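Trainee: just a sequence and a predicted model for now, questions to come.
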Amino acid sequence: MKTKINLALFGLGILLIGMQACTHADEKLPEPTPPPVDDTDYDLLAYNAASAVNGSKLYNDFTKSETGFTTPKDPNVVLTNITGYKDFYRCKQCHAWDQKARYASYINRAPTTTRPDVSTFQLTNLKYADIRVLFDKIKNTGGALVDPARTADGTNPALGGNNHPDYGKILSDGMIWDLVKFLKVGAFNTDELYTINTTGSYPTGSKTYSDIGKDGNAAAGDAFFATKCASCHGATGTNILLGGKTLGDFTRSNPHEVQHKIVSGQLGSSMGPTAITLSQMKDLYKALDNTTNYPN
């Protein structure tokens, strides 16, 4: 009798195990939880955090301490190979203060042993440019290396001194975003500030300036100058000579440069950036065009 009971229990156990096996076989494993989708626009975050004013400084001369630059991003790049051949790396040298390359203010800036040709690429009208495309163009990964042999003589383009450097090895991504911000929203359209007339072609062309300040308000410009500039430059702009010229004379002969340095400051000096709108810049230019109030 006991043997029969044991066999029955054994059979019941086998049946239960089989039922459990069938039940588990029919169950579906839970679907794995997909990773969260990161739809953050990191390019836009970086662009929004960038500084157009610092971009203007970098465009002028990124090696100056005011820009935040200390050493190249790539530790294999020798800093003196940049600072000793600076005009081969400064944006303004190849694209000009007005971003018009060789077609306006730099139409007569021929290459020398210490500077290359002026670029054929204008950097105007970039406000609609895609920020990532512009970032990549400036960074220029795989571009020309920092090499003193390449920059030994700007009059010999065969050396490669005209080639756009690989700024990814020189500048941080944050600094490149500052340049993007400057070129898109910080740079003035100089056509709004003055008229430039050119004759001939690069590098032997010539230029003249007229209608400085365009439709600006001279009285408002005088007031701006008195508040922001006169304490250093003097009431008539004659306290500090710029290349041997008074401020009025320098502005009338170099309006392409003055507008930039008002925004970024005179790097390496006590003159810092000045916050100014396009309208205020027109007013200031209109005032400085008066040779009586701001003499040569």
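Mentor: Now that the structure is in, tell me what you want to look at. Numbering: from 1, shown residues only.
Trainee: per the record, what domains does the protein have?
Mentor: 42-187, 189-296 (automatic domain parsing).
Trainee: out of those, the one nearest T33 is which?
Mentor: domain 42-187 (24.1 Å; Cβ to Cβ). The C-beta positions use only the backbone N, C-alpha and C, and glycine is treated the same way.
Trainee: tell me how many other residues surround I107.
Mentor: 23 (other Cβ atoms under 10 Å).
Trainee: list the contacts of the residue nearest to it when sequence neighbours are not counted.
Mentor: Spatial nearest neighbour of I107, chain neighbours left out: G205 (3.7 Å); criterion: Cβ to Cβ, 6 or more residues apart in numbering. Shown in contact with G205 (Cβ atoms under 8 Å, 6 or more residues apart in numbering): I107, N108, T198, T199.
Trainee: list buried residues within the residues you listed.
Mentor: Buried members of these, counted by 16 or more other Cβ atoms under 10 Å: I107, N108, T198.
Trainee: the residue nearest in space to the middle of the chain is in what secondary structure piece?
Mentor: Nearest to the mean C-alpha position of the chain, by Cα atoms, centre = their mean, lies L179 at 1.1 Å. Element membership for L179, per DSSP states H and E: helix 173-181.
Trainee: check which helices and strands that helix is in contact with.
Mentor: Packing partners of helix 173-181 (3 or more Cβ pairs under 8 Å, 6 or more residues apart in numbering; DSSP states H and E): helix 42-49, helix 52-61, helix 131-139.
Trainee: single out the most deeply packed of these.
Mentor: Of all those, helix 52-61 carries the top mean neighbour count, a mean of 24, counting by mean count of other Cβ atoms under 10 Å.
Trainee: next one: the helix or strand following that helix to chain centre, how far?
Mentor: Per DSSP H and E, the first helix or strand lying C-terminal to helix 52-61 is helix 80-83. Counting by Cα atoms, centre = their mean, to the nearest Å, helix 80-83 is centred 20 Å from the centre of its parent chain.
Trainee: in helix 80-83, which residues are buried?
Mentor: Buried residues in helix 80-83 (16+ other Cβ under 10 Å): N81, I82.
Trainee: what mean pLDDT does it have?
Mentor: In this model, helix 80-83 has a mean pLDDT of 98.
Trainee: right, and the helix or strand after the helix holding L179?
Mentor: Later in the chain than helix 173-181, the nearest helix or strand by DSSP H and E is strand 195-199.
Trainee: not counting that next one itself, show me its contacts.
Mentor: So strand 195-199 is contacted by 103-105, 107, 190, 205-211, 214, 256 (Cβ under 8 Å, 6+ apart).
Trainee: mind running it again at 6 Å?
Mentor: A104, I107, G205, S206, K207, T208, Y209, S210, D211 (Cβ atoms under 6 Å, 6 or more residues apart in numbering).
Trainee: cool, and stretch 114-132?
Mentor: Under Cβ under 6 Å, 6+ apart, the answer for stretch 114-132 is 43, 47, 87-88, 93-95, 99-102, 106, 109, 111, 154, 161-162, 180, 183-184.
Trainee: in helices, which of the residues you listed appear?
Mentor: D43, Y47, Q93, C94, H95, V180 (DSSP state H).
Trainee: I'd like the average pLDDT over the helix holding L179.
Mentor: Computed over helix 173-181, the average pLDDT equals 98.
Trainee: ditto for stretch 95-111
Mentor: 98.
Trainee: just how off-centre is it within its chain?
Mentor: From the chain centre to the centre of stretch 95-111 is a distance of 18 Å (Cα atoms, centre = their mean).
Trainee: that stretch spans what distance, first to last residue?
Mentor: With Cα to Cα, to the nearest Å as the measure, the first residue of stretch 95-111 is 13 Å from its last.
Trainee: what residues sit buried inside it?
Mentor: By neighbour count with 16+ other Cβ under 10 Å, stretch 95-111 contains the buried residues 95-109, 111.
Trainee: with stretch 136-153 instead?
Mentor: By neighbour count on 16+ other Cβ under 10 Å, the buried set for stretch 136-153 is K137, I138, K139, N140, A144, L145, V146, D147, R150, T151, D153.
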